Every structure is written in C-alpha cells, then in structure tokens.
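Undergrad: pasting the sequence and the predicted model now:
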Amino acid sequence: MLDLFQGEAAREHLPPISHEELSDEQVIEEMWRIKEELKDKVLVLGHHYQQDDIIQFADLKGDSLKLAQDASSIEKPYIVFCGVHFMAETADILTADDKTVILPDLAAGCSMADMADREEIDSAWDYLTSCTQEKIVPVTYINCAATLKDFVGQHDGSICTSSNAEKVIRWALDQGEKLLFFPDQHLGRNTCYKMGIGLDEMVTYNPNLPNGGLTPEKIQKAKVILWYGYCSVHQGFTAAQVRAIKEKDPETHVIVHPECSFDVVKAADEDGSTAYIINRVNELPAGSKIAIGTEINLVNRLAAAHPDKTITSLSPYQCLCTTMYRVRPRWLLASFRAIKEDKPINVIKVDKKVAAGSKKALDTMLSLS
C-alpha cells in the first residue's frame, strides 16, 4: 500500500516496525499470531473510518463514543484504540483506573479537535459572558480534547454526538438563553436550523480575530454562538456535487453527514450521523442508488457489504481522513509487541482533575439519551 509520508515527512514518521525487518505481509501474519496470544489481555477498538487492513483486527467497530462505552464494560486490561487522540482520551475517562488505553500512533489527531484549545475557549468565555446578562450554556461536540470536555463540565454544560446533538442542544437552551457550541460550526448550524432557529440568530466566533470578530451587540442579539471549527474531510463535499449527481440520475439518494456545510445538507435528501448513515443504507431496498457524503473508507465498506445496491461517494475525490490513516499495521504491531513484553507504549492517560470534569459532562449527555 502506498505510504502517504514521503521525503522529509517520511523521516519524521518512520514506522516502529521497519520494512527492513518485516514485509507488509509478514506484519499482517505476525499481527494475527500475537493477537491470538494476547486475546485474553487486549481489546482492539476500530473506528468506522479506519482502513480495512486495520479494521480486520478490531474486536469491536463503531463511532468514538460507542467504542469508549463498550470498552468500559469489558474486562481486559489493555485497550488498543485504532482511532485518533480524543477518542482514546474518552475511552480512558470512561474506563476503570486498572485499564490501560493505547493509541498506536500518538500523531493520530483530529484537525477539527485542534481548532479549539482550552486557552482559546477560556478567553472566548470571558469575553462572551462579559457582553450579556443572559445565561450562556456551553455544549461541545465529542470531537475535542479532554480539556474542553472538562471546561463544559465545570460550566454545567454537556457533550453531544452527531446522533444526539438536537436533544442536547434543546436541553441546553432550556437551561439558559444562549448556546455556545464548539468546535464544529457545521454540526451546530445544521442542527439548530432543523430545530427552527434562524441563520440570523446564529453568529460564528473566530478565535483568530479580536474578540472572535463579534461585537457585544452581535452577541446580545444571537441565540447561538458557533465556534469556527470544521471537519476537513466533510468540507470536501459541495452542493454542486449533489446537483451534478441528481442531474445525472434523479433517482440517486444522497445522504450526508451533518458535519458537511449547510448548503450541502440542504441540497441532500437527508443527513445524519455515521450510525444513521449505516442504518439508512441497511434499510433502503435492493437496487437503490445511494451517494454518501462521508469518509471514503466507510463508504467503500458499505458498498462491499451491500452488493445489491449501488453505493458511491458523493465526491469524485477520495475524501480520506488522513489522521486516521496514521494508525497503520506497523504501529499496531509495535503496540502489541510492547504489551506482550509488559512495557506498553503510547499510553493515553487523562489527568484526574480533567477526567472528573469531562466525566461530569459525559454523564450529563448520557442522562439525556
């Protein structure tokens, strides 16, 4: 398989199991052997966006929250999370202290999660709350660092997922007059619009601008304050792509993720979370033509699982989550070898104080589900 890292980048991201030591085929063979040896000690979690050469080793597959919740109920000492950093943090928060959570490559992050940090959120909160007497309730999408989940817990807000965003936002607006939603502006905007909140009642806070680019008057008038973040994968889909597919074949059913831009969601036949997309593909009858606006590995896996349906990506380009791609078989094998030697590497451990605030926010969300 082609390595995405070439030239200087390749030297910065050398896999721990070198090509000189093992071929790609030998890596896979050893992974299966060592996984069998460690089956009573290790639980492998695989996010839907992982490629097949990783997902084949997953004991459980799903989205980030479901996997973290599943891990908390299984009695194995090691949890290897084939996902990105914030997902492994969530797993550590929700599992007992005697569990060790491992991320095969610590460089596997999330560009959206990186668009908001605790210092920026604290600064924004100080400014926003100084501009209005109305109560602002913070809600963070689960795709964020543990420090931001902790912020929400400390300020009596909640976490949400793409599946329960409407329910959590409705709860938040029952608690106060205004909503601060971060880090994904598109999930916030699309969800709030569905709830009947007008676009003129939403503003976007950009931490790269003085005071987020918002005057006190704009904040006072707004019902919803959206952080400027976004998912780079889902920004690869456009309303023009939806129109082109519909013009070519009006019978093609277009389903997109709510992390897509507002105009894409409006143009599509329907939108929903990863779990929603999977369920809808299962429900649609044989012979259906479906174009999906989400990460390409999931689209390809759905197409392979439903040969009786024509399933394609909405985009003509390969909308790949490159940070998920960092978790490769060579990194996974290195993690397993280290566990076998009782010297685990790439352990994710959230500070206890941060974990407590995060857990409070997660519990709020779960109580609403």
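TA: The structure has been received and is ready for your questions.
Undergrad: pull out the buried positions in the helix or strand encompassing L366.
TA: If you go by DSSP states H and E, L366 is part of helix 352-368. By 16 or more other CB atoms under 10 Å, the buried positions in helix 352-368 come out as 354-355, 357-362, 364-365. C-beta: built from backbone N, CA, C; applies to glycine.
Undergrad: for the residue nearest the centre of the chain, helix, strand, or coil?
TA: Centroid-nearest residue in the chain: N143, 4.7 Å away (criterion: CA atoms, centre = their mean). At N143, secondary structure determined by DSSP: H, G, I helix; E, B strand; the rest coil is coil.
Undergrad: are we agreed that I255 is in a helix?
TA: No - counting by three-state DSSP, one finds I255 to be strand, located in no helix.
Undergrad: please look at it and S288 and confirm they touch.
TA: No - I255 lies out of contact with S288 (CB atoms under 8 Å); the separation is 10.7 Å.
Undergrad: look at these two and report which has more neighbours.
TA: I255 (21 against 17; other CB atoms under 10 Å).
Undergrad: for the residue nearest to the centre of the chain, give its distance to S162.
TA: Per CB to CB, to the nearest Å, N143 is found 9 Å from S162.
Undergrad: give the contact list for L128.
TA: 136, 180, 205, 212, 219, 225 (CB atoms under 8 Å, 6 or more residues apart in numbering).
Undergrad: can you pull the contacts of L314?
TA: 237, 241-242, 245, 254, 256, 291-293.
Undergrad: which SS state does I292 fall under?
TA: strand.
Undergrad: ok, then the element right after the lowest-mean-pLDDT helix or strand in the chain?
TA: Lowest on mean pLDDT, DSSP states H and E among the helices and strands of the chain sits helix 7-12, with a mean of 35. The helix or strand immediately downstream of helix 7-12 is helix 24-37, counting by DSSP H and E.
Undergrad: contact partners of that following helix?
TA: 1, 17, 22, 42, 44, 53, 57, 329-330, 332-333, 336-337, 340.
Undergrad: next one: stretch 343-354
TA: Contacting residues not belonging to stretch 343-354 are listed as 78, 81, 85, 88-89, 91-93, 100-106, 146-147, 149-150, 334-335, 338, 358 [CB under 8 Å, 6+ apart].
Undergrad: how about a cut-off of 6 Å?
TA: Stretch 343-354 has contacts (CB atoms under 6 Å, 6 or more residues apart in numbering) with 88-89, 92-93, 100-103, 106, 146-147, 150, 338.
Undergrad: quick check: end-to-end length of that stretch?
TA: 26 Å (CA to CA, to the nearest Å).
Undergrad: what average pLDDT does stretch 258-267 get?
TA: Looking at stretch 258-267 alone, the average pLDDT works out to 98.
Undergrad: hang on, M365 packs against I159?
TA: Yes - if you go by CB atoms under 6 Å, M365 and I159 touch, sitting 4.6 Å apart.
Undergrad: of all the contacts of L128, which two lie farthest apart?
TA: Of all pairs drawn from the contacts of L128, the widest gap by CB to CB lies between I136 and G212 and measures 13.1 Å.
Undergrad: in three-state terms, label A91 for me.
TA: helix.
Undergrad: centre of the chain to the helix holding L366, how far?
TA: Centroid displacement of helix 352-368 relative to its chain, using CA atoms, centre = their mean, to the nearest Å, is 18 Å.
Undergrad: and the average pLDDT for it is what?
TA: Rounded mean pLDDT across helix 352-368 is 95.
Undergrad: now stretch 121-128
TA: 98.
Undergrad: same question for stretch 299-318.
TA: The model assigns stretch 299-318 a mean pLDDT of 95.
Undergrad: buried residues, that stretch. List them.
TA: So for stretch 299-318, counting by 16+ other CB under 10 Å, buried means 299-303, 306, 309, 311, 313-315.
Undergrad: gap between the nearest residue to V203 once chain neighbours are set aside and M115?
TA: Nearest non-adjacent residue to V203, counting by CB to CB, 6 or more residues apart in numbering: A222, 4.4 Å away. As judged by CB to CB, A222 and M115 stand 20 Å apart.
Undergrad: so where's the protein shaky on pLDDT?
TA: 1-15 (pLDDT under 70).
Undergrad: what's the domain layout of it?
TA: In terms of domains, the chain is parsed into 19-109+323-351, 113-231, 234-318 (source: automatic domain parsing).
Undergrad: the last one: end-to-end distance?
TA: Distance between the boundary residues of domain 234-318 (CA to CA) amounts to 11 Å.
Undergrad: and the helix or strand hosting A172 with helix 352-368, angle?
TA: A172 is located in helix 165-175, with elements delineated by DSSP H and E. With axes from the mean of the first three to the mean of the last three CA atoms, to 10 degrees defining the directions, helix 165-175 sits at 100 degrees from helix 352-368.
Undergrad: determine the number of other residues adjacent to N282.
TA: Neighbours of N282 (other CB under 10 Å): 11.
Undergrad: what helix or strand is it on?
TA: Judged by DSSP H and E, N282 forms part of helix 274-283.
Undergrad: what's the closest non-adjacent residue to M324?
TA: M324's closest residue in space is Y49 (CB to CB, 6+ apart), at 4.6 Å.
Undergrad: give me the neighbour count for that neighbour.
TA: So Y49, with other CB under 10 Å, has 26 neighbours.
Undergrad: likewise Q220?
TA: Per other CB under 10 Å, the neighbour tally for Q220 reads 13.
Undergrad: I'd assumed T132 was in contact with it.
TA: Yes - with contact defined as CB under 6 Å, Q220 counts as touching T132 (5.2 Å).
Undergrad: and whichever strand or helix holds E119, how far from the chain's centre?
TA: Using DSSP H and E, E119 maps to helix 118-131. Relative to the centre of its chain, helix 118-131 is centred 24 Å away, using CA atoms, centre = their mean.
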